[in-house]
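**Student:** can't give you the sequence, but here's the structure:
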């Protein structure tokens, strides 16, 4: 039962992360291109395009970073792990992921607080048809909550992975990275 619920949430989060990251990037590039053509070819432009492009890229970056936890593509320093016994190294990796999870939860919570504060001000964007500013800022709690979910998922994966496999995984990445460079 727990596994089905987790898989359901996992599918929602991964779909949301990928769709927003890719869609935001594609729409941002397209919108920026259209606005440049309108400015330099037709001596006009869309007054709202600059701000909208910024929001699209911000959403894309934050949801892309959340998706990066799923793929394990974030930078991690593993060179010191080889100095410790494998069980201690495994604890360090779990602690690191748990700390990341807690930090991202903290960011999601305070992103929500900023969102509520912004909404209470009633500020709107004159360039985006008086859109309330809290709407584009909803990315803060959503993306950090998604990233926290992913970091928590890594804690679980590392906890069930045998200690000697955790170090082997980082060695495989080093071997693969050096083979790609050659």
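**Tutor:** That came in fine, so what should we check first? All values derive from a computational prediction rather than experimental measurement.
**Student:** Could you find the closest non-adjacent residue to residue 136?
**Tutor:** For residue 136, ignoring the flanking residues on the chain, the nearest one in space by CB to CB, 6 or more residues apart in numbering is residue 55 at 4.4 Å. All C-beta atoms are positioned from the backbone trio N, CA, C, and that covers glycine.
**Student:** next one: residue 133
**Tutor:** Per CB to CB, 6+ apart, closest to residue 133 is residue 123, 4.6 Å.
**Student:** What count of nearby residues applies to that neighbour?
**Tutor:** Residue 123 has 11 neighbouring residues, counting by other CB atoms under 10 Å.
**Student:** surely it meets residue 131?
**Tutor:** No: between residue 123 and residue 131 no contact is recorded; they are 10.2 Å apart, counting by CB atoms under 8 Å.
**Student:** Could you name every residue contacting both of the two?
**Tutor:** Counting by CB atoms under 8 Å, 6 or more residues apart in numbering, residue 123 and residue 131 have no common neighbour.
**Student:** From the contact counts, what lies against whichever strand or helix holds residue 99?
**Tutor:** Per DSSP states H and E: residue 99 is located in helix 86-121. Under the contact criterion of 3 or more CB pairs under 8 Å, 6 or more residues apart in numbering; DSSP states H and E, helix 86-121 touches helix 134-137, helix 139-160, helix 163-181.
**Student:** What angle do helix 139-160 and it make with each other?
**Tutor:** 160 degrees (axes from the mean of the first three to the mean of the last three CA atoms, to 10 degrees).
**Student:** so after helix 86-121, what's the next helix or strand?
**Tutor:** For helix 86-121, the succeeding helix or strand toward the C-terminus, using DSSP H and E, is strand 124-125.
**Student:** and the helix or strand hosting the residue nearest to residue 136, what other elements does it pack with?
**Tutor:** If you go by DSSP H and E, residue 55 is part of helix 49-71. Counting contacts by 3+ CB pairs under 8 Å, 6+ apart, helix 49-71 packs against helix 2-40, helix 134-137, helix 139-160.
**Student:** chain center to stretch 57-72, what's the gap?
**Tutor:** 3 Å (CA atoms, centre = their mean, to the nearest Å).
**Student:** whoops, I mixed them up, stretch 46-62
**Tutor:** With CA atoms, centre = their mean, you get 16 Å for stretch 46-62.
**Student:** what's the answer for stretch 149-161, then?
**Tutor:** 16 Å.
**Student:** before we move on, what about stretch 124-142?
**Tutor:** Counting by CA atoms, centre = their mean, stretch 124-142 comes out at 19 Å from the chain centroid.
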